[in-house]
Every structure is written in structure tokens, then in C-alpha cells.
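Trainee: coordinates only, sequence not included:
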């Protein structure tokens, strides 16, 4: 957009062409009264308050600044006696139906109506009459109040709900003087029982005290505002935490941030009450054995106790007998220190994170295909897509802000393809209808994606130029031969995935035909036996259609937790250092050894999380330090996890709460929440953003300090006075982060890696001129399917999913008010299936898999198809993960949470099975993993296949497995 | 065999036209008189409705108003016979005055300049054949010829040029030059464009749209197709007032007839040009007659006014460039682009049209006169005639009853006293503006001596309160407050201060409201307070 010159009240100003008069004036701090405009919040002009009238030289009458675009040389006058007097009368009309009790109003001091009224200098209201002053408040939402008597019907809330969140929960009810804001459409509807998802966009948009956070109403205008980054999902919303003293009053999304453009969801916006929960761990606890009660201990005692036990395990069982699980919930700096602790102080590479159970296949798959295991574009790039394909991801619930923006783009221009067995809101919701919603049976993504690629090639829809220029020719040739085979045809695929062949073809054509197409995917792709193959199939499809490396096109994994990307970047993985460099690389190791002053870093990759558990069961692994991860509740096959933990000599759990895992710990270290520390998180866009301390940590230390102290106790000193020093160390050791520093990150709203000499301001879109690995690589993606198949005994496929109001193990959201919306795990079942087995809505059902059995309440739902049931694992008391199996991705051991064969029956009382039932054990498990790898590479010519298999095992398997 | 035509528009039906038609058939059968019963639209002079036409060897004769219990008597008097020659003018037939004669004997009709209403009453409303026989489709054929010859988009500039030359202004109320809108839509670069016909005729005292839609809908359809060709739109919509049940049926049928005849569809008159029309019925809100609220309503949203810019020509229905005009405007377009009739005296219709009227208000206007007049109805007359000239027709030559006031231009138009000064009022956009009024959609409601102007004032305010969509604050809050203040004034409380505040609020509403509903409330209120102050607030 060009910059042009306009004149406001005689003052010449520069402004962007195409903008409105009001936005130009606002940028230059020229006050034009307005109440309904919310351009700063991203809403379209509305023109209801009529206060922004101005006159323009050479034009009769008045124009309205909120909706009139500027042109070069425009001369605007904001004040004349007549205009002012008309507006003053209008303001008097407003106040004739308003309480005018400013000093005792919740919004006192942060009210736009107050500001505008002040501008007009109204000193009396000469007329009163019919009013809304006796209207009653809607207090149904746990976090905010709607007080209609303070409402000026500017419609900002309604429009925010429509245009930003896309839920259409609010409306203006009635006409004329009786027009009023209403949640829902029936007489007794309110915010709680309507379509409202409590994202808070309406509350943020409200210019008066009509919609206000209950905490602000109670505690008043906050004293301090701190900009930070949300600690929930991988969207990485930039938030402003407003606090008074030691109390957070409210959290409001930052309007300017490119991660979220002023939007957030119920979790980031409201669900932070857990930080002050009475259940927080505030002092270290220890005990001798798992059966004994915990006792409080000093930090010194705890560290020496823990270090002694770890060291003694190592002396008894060898250096490799201990390890650590780092946390995608924690900061980059903390993850960096965890892997440093393991490599420098434990002396092995037994470090892993919860990425192992979610997005490790992304790291592997995108790494193999493109050269780096990260999303290729940023949020704003998606706004330019013509087609958005969403695979195995339910962004409206799991990544609500990205979900809102996808739906917004879909409402304005983009066509959607959704691949998901379940009906999600991106498939169908108000004013959003995916052009194609393909509903494969869980576990059959790969064949479906292969068939789409088959269609692209068979119908010559590929981008030859792109492939020729940017991709590896040999790999394309091999892949082409494979994919064009009849076994990958839509006809053949249709029989396996149960999606109509014409739908597959049409979706492929639609995707390939787009000018710019983006793919978003989630755990529905990765959490499979073929998770990595699924990611590779997505990469193949993007490359063959040339949809990589420019704005509007790309492949984006939606990361589950706030810092999955960062934890992996920081080397919290058994085979790589920060920056994804293999530990076997001598020169890299030398650099770290020198900088860390740590002699002899182990050059053999360490154990992955499942390896650790497996080794614990066989008595080889005896000590673990788990930071910010509740593996008992969230890892699959809970009884196996418990069995493994019980087999260890020392289990250190470093967490905010006494989690399910804590029940098997010897040491509990009180962790710090995202509001209680400094650091950085890296979101799905690779955007590194600052986390800033708002409150003092409940236990006295930030997590990075605790890890550093643990390291010292192990005999390896780490001395940092601030996380910025850790970041400096990271930057000095890692080429792609070499330009990162806290100074750089304090430029508003973070920066996307790589940040280096070539890209000092970061890299919004990856693979622009060429792929990071040089040439993009096509990989053969053979479909081998899931191991857990339905049978007469287990006729349903259970798939695990997420709910908007709860978050993962939910030890945070469960301690907020969110249970009012979703208070227990429930089993979604189709009406057809419910009838077949004679269960009612809300009836208790027994769900049994080969692994165990639990009971849940059933919910008859049109979201799932017949034959598929779905549930969440947000609540520890229901133990959903007792059902899930040890089957996992052939490449990364990411568990297959999405496919478990189960039976569903009526139950009369709650039940949870406690015994551990292995399906395969010990060496059988390893043999089976090896088998899978061989099967995956089998379509390649023998020589290549042998090389690939060898290489894979050399790179990723801990030596014992071999 | 004689043809007997009974009207079938809403007004006639409400006066039992269907029952009368049935009675005529039955009587004819009983009396063994051979007749063809034909249904036609209304001429729009309601005092004669149901007005029955008899066509026999002597010519065409009219008789009306006819009531059910007149039918047998009329047969007895040989009115429905081969020999009837119009000589039947009874001051007291069955206790009523019935008029009969040839069409030329109806001075209310003869004195009009019917350009677009020429088919109302004469044509069978749903007969495409009648339409074509009366010159219909000739404009469209000509335009399709040009478009085919010059290629896609070839006719647009020419059509818009003709409309510009005619000086046609939109008939919905605001009187915006039609060609500017069309030109703007033509110039928008968009694959999808729309034509929308505003048939949400909600003004009190307005019925011209209904008469034309019930009497001869094809002229409107033809105008919409021409608009589609002119700007490159493939879809048109008629947004109809929900109360117009009969018009709804007729339009629905007319669209079907046009589709069957190849006038609408994938290839209009086999030209390869695609254009189709759908009917959408409103939800009953006055504001939905405002063009942007109408679009919101069409999109299934709350009927509230949109902010402008952008104007509908740039971003209208579903944010696409949209030609949005009144029913009559489309009918005028068909007329203007048709080959000239004999009346035009060798001029093209556009030249002839621009020769009628005044400098700024060209052509004719369908004045709709209602209220305390002898012959309420449609009076299509040249713009610029005086109020006196207009009222002479419906009031009768003698001057009719004593009249007190007129309200011109709908519920938000100004009230004027019927006195020497205002009888000379020039009925044109500029003439009305000069006197502090509006021409609007051409409704003229006449009030007799017994009318209560205080009641009219309160009714006007209630109307504005009831119909305010509630979006913009001046209208949402202002109309209610003005009514409250007016009630205080009527109770003699702080009269001067309150009148001053009323005036202030009206000023703010005029300057700041989002649409005409709020912005024009000052017309009726101020004119009533000015001209009828004595009656409303006796000292």
C-alpha cells in the first residue's frame, strides 16, 4: 500500500492508502469520537454510533470517518459548531439511557463511553424516559458479566463473535429502542447455554461496562500490564496479563501480535486460575518409597537426596540407567538446560520430551522431505490461501485461535478440504462448510493421501516445473512409480479407507488446482502406527502440487503444546543437539564439549521415552527426572507406565501439581507456571516469543533455576542469573538461532527461526528459493495400516480427541471454572451404534480393549460415524489411556492414540482395570518394530531399502535395541 | 361471443371480483349468453373497481364499480350483451352509483400520460402474448441484437447512454440518476454481479409497484434482463413485500412463463446470454425497503441498514456489485429502450421521455393519490405538474370535498396545507425540496377536514419508533425521546424548552442517521408543527 498525504484539521499527515479516515487519525493521535468502530480489533466498519461524522472539503454533508477511505489530498475537518452540537445532542441521547454512575462502575477508568462523553463536556441530561435501567444482568458465564443497562448496542460484541471467533452466538434482539444484545435466540438463553465458547472476544470488544470480566468487576482496574505468551497450545497467542500486586486480574490478547491478532480462546483468556490454586505444590516433598507418605523438605535436602539416588542408580546399573523427560510446556531455556543436564551431568543422551507422544513424526517426516522438521509458513500467510486442507486436526477445539482464523478465511474466500473421521467445526459450522469432508476410517490416512497423489499424477495435475527445479529427480521417479500403481488408486483406496472414490478424486483436483493451498495437520496424522508415513505423504502431496515456499502455500503441523516446537529445537531428544544435529557428529560434539566444559559427551544416541519405560520393565533403567509431564495420565497404556515407574529406584517429578504420575514419585519439585517465569516459547510458526514473569513462582524458583540446581547437585555447575544468558548460549552454539537474543525478541512479538546472518529478522516462510535440504525429497509411503483391527470381540474403533474447554492432562483447566462446560470424559457414539447396543444418552458404558477396561458416560453424537467411538483423556479419574496400546509409529515410537479396537457395553457401575496386560513383550516388541520398518521400506529396490533401514536404526535406535 | 373482462388485482379481489366473475359465468350459462370471461389487471382507479370491460361488436365498454348483487340486474339490463353500447350510467342502481362508458369517458384515465402503466388494466396480466402484442420485448430483442453483433458486453454502454439521455431518476424515493448506478456496476471488475428489484413497497399510500406487478409484470422482468445484459449480471432477484400475496403468486407464475418461453434461463431468446430471476419475499419490516437493509434481509440476516461506503453498486448482494432499483425504474427502462410509439412524434423514447417534465425531474411519475378523494388511484403524470393539477383528476372537476392537507412522499414526507400557496406546488424533486418536502415514491395522501393532525403527529412518531431497525443510535434513541418530549409539550410542560430540544434531536437525526428513516423524520414532524401548530397545540 502506498503512503499518501491527507490533511486533518489543517494538519498534514501521512497515511496508508486504502485505510479509513478514522484509522489514519488514530495513528496520528487525532481524536475523532467513535464508539462502534473496532477497526483496531479487526472488525469491519459498522456505522452505528454515528459519532465519527466529519466534513470533507468539496463534499456536501458529512461523511463517517469509520467507513470512508482516504485519498491523496483529502482535507478533513473534524470540528464545526454545528457538527459538535449535533454529536453532543447524540451523546445526551446515549446518556439518557445509561446509569451514569461512573465512579462505582466496573469499567471506571477504562471506559470508552466515558472518554467520548468527556470530549463533549455534557453537564446535564435534559431528558429521561423509557430506559433499560431495570434490565437484569446475565451472570451465567463463570468469567464475565453482561449488564444490559450499560449497553449502548454498538454491536461490537456481536460482530466480534461473528467476524473474529465465528461462532455467531450473539445477536441483536428486538428493534428500535428495544434492540438489545442477546446470547442465543430463545427467551431463556444466556451466555452459558448458548453457542458461546467463552473466547472473550466480545468482552474485549465492549467499549462500556456492559461486558466485563468478573475479576475486573470485583477488583477494579489492574495496576500493571505485562506482555507474555500463552502457556496452553502451540498457537502461541501473545497476551497481556493485567495484575495488581500478586494477583492476576485479567488476561487480554495482544492486538498487534501476528501470532493471534488480538484473539484468544477460553483457555488463554480466562483459564489461568490454576496458578493460584490451593493444590499447587509449593514446597519440595520427598519419601523413601512409593508406598510411604511424602514429607516436606528443604530444597538443599531434596537436591542432594535426588542426586544421591540418581548417582547410586548409575553406579549400580551403569551410566545409561537414568534419564530425563523434558517438557513441551516449559520454555526453550528450560528445555535447553534439561538436555544439557542429561548430556553434561548424567553423561548420556537419555533425554526425551512429550513430543515423543505427539509430533515427533513431524520432526522426522518434514525433516526427511524438506530438510527441517517444522511448519513452513506463518499465520498471516494462510489468509492468502485459496484452498486450506485440514487433516486429522480439530483446530476449533485444540488450536482455537488458528481454528477461528481458518474459519474466517473460509468465510471470506478459501475453500476447505477436511480429512477427519469426525465432524469438526472446520467441516461444518455456521457459515462454514468444507467443500470436501472426507471421513476415512481411523488409521487409513496414508492410503487416502496416496490416492489423492495418484489422482494428481494420473490426471497430470502436478507442477512439473516446481518438481524439476526444486525436487530430487531420482526420488520423484521412484515415488511416481510407486504412487501410480493401481494399489494406490482411489478405487483401491476407497475400499480401505471407506471414502467415496469420486470424493477422493475431486478433493485431489481441488487441492491441486488451487493457486495457493495450505495444509494444516495435527495429531490425527501423527498419532498412528504410520504417523511418520502420514507426514511424508502430506509432504509429497505439497511438493507434487508445488505448494511450498511462498505465502499462501505450505504445510503446517499444529503443535499440541505451547512449546513442542521449541523443546525439539532445543535438543530435548535422544539423538540430536539443539538445532537438530546428530550426537554422532564429532565436530558438533566438540563445540558443545568445549563450551559446556563437559568432557566426552556420549556419541551414541540415547533412549526415547518408550525405550526408557521398556528398559525399566526389564530392569535396565532405574532413575528418571520428569519435568512438566504427566505420563501416567497422558501416555498410552497407563498400566504399563505405572509398572515401569514402580520398577525404578528414583522417580523425580517436577510439576505444578501432584499429578497422576506424582503418585509413583520419590521426589516432588514444585514447578513454576508460565506466569511465574521469564523465558521464551516457540509456536507452530517457528516464532520464538518472550514469556515474561508476572508473579513470583509459587515454590520460590523458576523451572530453569530448579534444573540448574539439580545439575549442580549432580556435580555439574550451571550458573545463569537470567534466562537471557541461556538464550545467548543457545545462540552461540546453534547456527539457526545465532541471531536470537532477548534484545531481538523484545522487538514486538518475537521472531521466526532461522534467525541468522542471512535472515537477521527471521524467516516467515521456509524453503523459499530452495528446500533447506537442497532438493525436496519424495518418499515412498507404503500403507501398512494399524495393528489393532476391529474384531467380533472388539467391534468399534476408539479414537482419542480433545475438547475445547480442557487441555491435555488438564491439571490446569480442571482447576479453573471450565468444568462447567466439560466436566468429565465422555464417550461419543453414533445414534445407530447406540441403538444397536441399547444405550441411552448419558448412560454408563463399559469400554474394553485388549489392554484393559474403563467406564464412561455415553453421549449420542452425530460427530462420529457408525463403528467409531471417541473420547478425551482430560480427567485422571477416568483413565482413558488404560485402553490405548503400546503400538506406535514405526519411525519415532509415537503411540497410536487414534486407533484402539474396543467393545462398548452397558455398565451398571464404574470400573477401571488395574492390571498391566502386555500385547507383546521384551524382544518381541523390538522385533515387531524392526518388522514395521522393513515393511515400510519394502517397495524400494533392495539396495536402497537395505541402506535406508540400516541408516534409520543407526540414527534413531538406542544401541540396546540393536 | 362477447368478451367480458373482470380485474384480478388485490383491490378488486377484496371487492369480490372473483365471486363476481363466477356469478357472471353462471348467469351467462343460465341465460344462454355466449361469453368469454377474461381476467385482467387493474387500471388503478379504485373507485371504479371492480371495473368490468365488455367487448362486443359495438366496441369496448366499461362499467364499474360492480357488486355481486348487481350482476343479475346488469344482465337484465342487457349490459352483458352483444348490443350493449355503453349507454348505462345510473346514479342509483341497487343503491349505488355505477358508471359506464367507453375508455375515453374515464377522464381520470384519459388525462394521464401513461408510459409504464399503459398496459395496466388493458393486458391479461400473465399473458406474454398480450405483452408482446402491446410492444413488449421489442427493447430486449433490440438489445440482444446489439449484444450479439458487438460481442459480450457490447450493449452495456449503449443501454446506459440511452438511460442517461432520458434523464431517468430512480423511482424508489431518493431519485438518484439510474445511469450512474448502472455505470458503476458495469465498471466493477467482478465475475459475479446481481440485479435486485426492490418491490418492498412499504410507504403508507403507495401502491404503484403492486399495480404494475399485478397488472403487467413482464415490463419489470424485461427491464431486469436488460439491466443484466447492461452490466454483465446473470442473476436477478425480486424482493417483494410480504403483504403482497397476490403479486407473489403472479410474479412466481410470470417467472415460470418467462422461463418456459426462453426469456429467462441459460440462453435468453436463444442468444447464449444467461439470466434468471428468483423471487424473495421479505419479512415485513419497513426498513427492509431501504436498499442495504433489503440486501441484509436477502442474505438471511437481520434487516438492518448497512454502512456506506461501499455502495451496493460496488459491494451489494453477497458483497458483489449490484444494480438495485425500484420496480417502476425497471419498467421505465423497458419503456425507454423500446422503439418509439406514435405518441413520441418521431423521437426516440428516451428523447420523448426527457422532453416531459422539468429540467431536473424528467419524464412521468406514478402519483398514487389516496385518502379523502373521490377517485383514489394511480395517476401517471408528467413531473412538474402542480398539486392543483394532480388533485383535479381524483377529486373531480368540481373540486371535490374540502381538503385540509396532503402528505407527499410516504410516511416520512412533509405535510402541506391545501391552500392557494401549496396548490401551486410544483410536483418535482426540486419543487418539493424548495418547500421543505420530498417527492419520494410519489405517494400523495389527502386529508379531509375532519383529519386530526395531532393524531397524525403522534402516529408519525410511533411509526418511526416501530420501524427503527435499532442499528444507528440517533434513530434508535431519538425517535423515542421525541415522542416522549412531544407528549410533554402536548401536556403543556416546558413547551418552549422541550420544543427546542425536539428540534435539536431532529437536527442530530437529520445530520447523523444511517438511513432516511431517522434522517427524514424532521419532514413530517416539522411540517406538522409549522403548518398545523394551532390545531396541535391550541394556546
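Mentor: Happy to help now that I have it. What you see is a predicted model, and the numbers here were worked out from it, not measured in a lab.

Trainee: so where's the stretch 1-150 of chain B uncertain?
Mentor: Scanning the stretch 1-150 of chain B with the threshold set as pLDDT under 70 gives B:88-91.

Trainee: to clarify, my last question referred to the stretch 301-450 of chain B.
Mentor: By pLDDT under 70, the weakly predicted segments of the stretch 301-450 of chain B are B:396-401.

Trainee: which residues of it lie near chain A?
Mentor: Remark: the part of the stretch 301-450 of chain B in contact with chain A comprises B:302, B:304, B:306-309, using C-beta under 8 Å from any C-beta of the partner chain. For every residue, glycine as well, the C-beta is placed using N, CA and C.

Trainee: gap between the residue in the stretch 151-300 of chain A positioned nearest to chain B and residue A:163?
Mentor: Of the residues in the stretch 151-300 of chain A, the one nearest chain B is residue A:179, at a distance of 2.9 Å by C-beta to the nearest C-beta. Using C-beta to C-beta, to the nearest Å, one obtains 19 Å as the distance from residue A:179 to residue A:163.

Trainee: if we ignore the residues flanking it in sequence, what's nearest the residue of the stretch 551-700 of chain A found nearest chain B?
Mentor: Going by C-beta to the nearest C-beta, chain B is nearest to residue A:552 of the stretch 551-700 of chain A, at 20.2 Å. Distance criterion C-beta to C-beta, 6 or more residues apart in numbering or on different chains; nearest residue to residue A:552, sequence neighbours excluded, is residue A:516 at 3.0 Å.

Trainee: OK, contacts around the closest residue to chain B within the stretch 1-150 of chain A?
Mentor: Closest approach between the stretch 1-150 of chain A and chain B, counting by C-beta to the nearest C-beta: residue A:47, at 2.8 Å. Counting by C-beta atoms under 8 Å, 6 or more residues apart in numbering or on different chains, residue A:47 makes contact with A:36, A:64, A:66-67, B:306-308, B:471-472, B:514.

Trainee: rerun that using 7 Å as the cut-off
Mentor: Contact criterion C-beta atoms under 7 Å, 6 or more residues apart in numbering or on different chains gives A:64, A:66-67, B:307, B:514 as the residues in contact with residue A:47.

Trainee: next, format those residues as CSV and append neighbour count and distance to residue A:703.
Mentor: Compiled in CSV, the contacts of residue A:47 are given as follows (neighbours: other C-beta atoms under 10 Å in any protein chain shown; distance: C-beta to C-beta, whole Å):
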residue, neighbour count, distance to residue A:703
A:64, 26, 52
A:66, 27, 46
A:67, 21, 49
B:307, 20, 50
B:514, 28, 55
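
Trainee: give me the secondary structure label for the closest residue in space to residue B:343 that isn't next to it in sequence.
Mentor: Of all residues beyond its chain neighbours, the one nearest residue B:343 is residue B:352 (7.2 Å), with distances taken as C-beta to C-beta, 6+ apart. The local conformation at residue B:352, judged by DSSP: H, G, I helix; E, B strand; the rest coil, is helix.

Trainee: surely residue B:352 meets residue B:341?
Mentor: No. When contacts are counted by C-beta atoms under 7 Å, residue B:352 is not listed as touching residue B:341 (8.5 Å).

Trainee: looking at these two, which one has more neighbours?
Mentor: residue B:352 (20 against 14; other C-beta atoms under 10 Å in any protein chain shown).

Trainee: and the residue in the stretch 451-600 of chain A positioned nearest to chain B, what does it touch?
Mentor: Of all residues in the stretch 451-600 of chain A, residue A:515 sits closest to chain B, with a separation of 15.1 Å (C-beta to the nearest C-beta). Residue A:515 is in contact with residue A:386, counting by C-beta under 7 Å, 6+ apart.

Trainee: make it 10 Å
Mentor: The contact partners of residue A:515, taken as C-beta atoms under 10 Å, 6 or more residues apart in numbering or on different chains, are A:384-387, A:547, A:552-553.
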